[in-house]
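>>> this one's sequence-less:
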Ligand SMILES: C[S@@+](CC[C@H](N)C(=O)[O-])C[C@H]1O[C@@H](n2cnc3c(N)ncnc32)[C@H](O)[C@@H]1O
């Protein structure tokens, strides 16, 4: 449509930024009309960039100069923001980040799902959008020939030259620093090649998972210092998911709302527990339970949503494929004295049809799939079973749009979408959507 623009490669051009891509890059047009993505440019800005890549449908540029800055541009708080790649939006004031994410959801639903006519609520942000993560993977690598333990740059196996991350609580950063200072001999002698830190925000406990093949002995300065500086437990994670407790407990406990959840070192748990609490409250509100309903929580993980809904439902089923998450979910049901919840193992595309064939009828179904969205058989089976309320929790607007479009063709209308900022400073966004049967539309 725009002809071959490869002659633009290497050229400097002025571009007016009209929006943002789903990866948080500024989006504008070359003089030919072709779309160009420019990382770190903001909507409303005029910038000068060098064209670094030209494809048939789009080009990419490197920001060289901001000719007219956005009034919402700010100095990034993190000194390694431009090299790390873990955050994408620190240069935008937080209200602009929320607006960028709202538009991202709106565009995905319109462009990929052809969906309109629903209520899109403003993004629910955080009062203080920093140091919110409860989990981090640290990797062994070299910076300037020195062995280090740290974070990978985005989509690379190169380490970022930093000993802090503004998304991690300070006590987790302290543990990371001790691990780096004292752990290097273990890396060299014992083949340690990474660490996983996990924190419970309600108890303040931190679990240190050391990843390595050879036996690590829980003695010496490293272990003492980790325990002195706040690690509540140390486990060794053996490749293949084997686990050995070296000090303290094998699990952490996290409280969200009235529920307590057991966290295994490696099973899925939302990384921002403060915002997760908001998501679960929204799901509870959308479910509009009276105590008589049967609920199916598909992709139930450690059972968080199922257990949040259980006190207001007659019966709740959770469907989950990870055995570790399932074991946590069952322990969580016991811990929360939820006798009306059953967790079933298996891929949902098989366990859901099986459950419904046995005559189970659910008035409310919750879907919380991984990034790739729901399996087609799950969507078909859900639509055929005609729940009165369908709640879709999504961490990826593109697959949300695809799946909502399918459900909308199967007789559901999207009443409302509530985006929640689970990942401030990054381009990621979580959404909760409420769908109702179209035949009930007039009465709602
Ligand atoms: C986004 S997490 C949601 C977890 C949970 N609802 C929560 O809020 O913590 C998605 C979950 O789906 C599970 N999963 C992935 N594929 C699955 C499948 N085919 N069938 C059932 N569960 C699956 C993963 O193991 C993971 O626990």
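Arrived safely. Predicted model only: the values in this text are computed from it and were never measured. Residues are numbered from 1 along each chain as shown.
>>> Surely residue 317 is in a strand?
Yes: membership of residue 317 in a strand is supported by DSSP: H, G, I helix; E, B strand; the rest coil.
>>> if I look at it, how far off is the ligand?
12 Å (Cβ to the nearest ligand atom, to the nearest Å). Using the backbone N, CA and C atoms, a C-beta is placed for each residue, glycine as well.
>>> ok, what's across the strand from that residue?
For residue 317, the beta-bridge partners under DSSP bridges are residue 296, residue 342.
>>> dump the residue contacts of it.
294, 295, 296, 297, 306, 341, 342, 343, 344, 355, 360, 362 (Cβ atoms under 8 Å, 6 or more residues apart in numbering).
>>> rerun that using 7 Å as the cut-off
296, 297, 342, 344, 355 (Cβ atoms under 7 Å, 6 or more residues apart in numbering).
>>> So which of those wins on neighbours?
residue 297 (31 neighbours; other Cβ atoms under 10 Å).
>>> Quick check, pLDDT for it.
According to the prediction, residue 297 has pLDDT 98.
>>> Name the nearest residue to it, sequence neighbours excluded.
residue 306 (4.1 Å; Cβ to Cβ, 6 or more residues apart in numbering).
>>> just residue 373 next, same as before
residue 399 is the one closest to residue 373 (Cβ to Cβ, 6+ apart), at 3.0 Å.
>>> for that neighbour, phi and psi?
Per-residue torsions, residue 399: phi -80, psi -30 (degrees, to the nearest 10).
>>> The ligand versus that one, what's the distance?
11 Å.
>>> do the same with residue 54
Distance from residue 54 to the ligand, by Cβ to the nearest ligand atom: 36 Å.
>>> Beta-bridge partners for that residue, please?
Bridge pairing for residue 54 - DSSP bridges - gives residue 59.
>>> Quick check: it touching residue 7?
No: in this structure, residue 54 is not within contact of residue 7 by Cβ atoms under 7 Å, at 8.5 Å.
>>> quick one, which of these two is more surrounded?
residue 54 (20 against 10).
>>> how many other residues sit next to the residue in the stretch 151-300 of the chain that the ligand sits nearest to?
The minimum distance from the stretch 151-300 of the chain to the ligand, using Cβ to the nearest ligand atom, falls at residue 299 (3.4 Å). Look at residue 299: counted by other Cβ under 10 Å, it has 22 neighbours.
>>> now the contacts of residue 317 in TSV, with distance to residue 109?
What follows is the contacts of residue 317, written out as TSV (distance: Cβ to Cβ, whole Å):
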residue	distance to residue 109
296	24
297	23
342	34
344	31
355	30
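>>> Closest one of those residues to residue 78?
Residue 78 has its nearest neighbour among those in residue 297, at 36.4 Å by Cβ to Cβ.
>>> Flag the shaky bits of the protein, pLDDT-wise.
Within the chain, the stretches with pLDDT under 70 are 1-5, 185, 188-190, 217-219, 241, 441-444.
>>> And the nearest residue to residue 253 once chain neighbours are set aside, how far from residue 332?
Leaving aside its chain neighbours, residue 253 sits nearest to residue 260 (5.6 Å; criterion: Cβ to Cβ, 6+ apart). Taking Cβ to Cβ, to the nearest Å as the measure, residue 260 falls 7 Å from residue 332.
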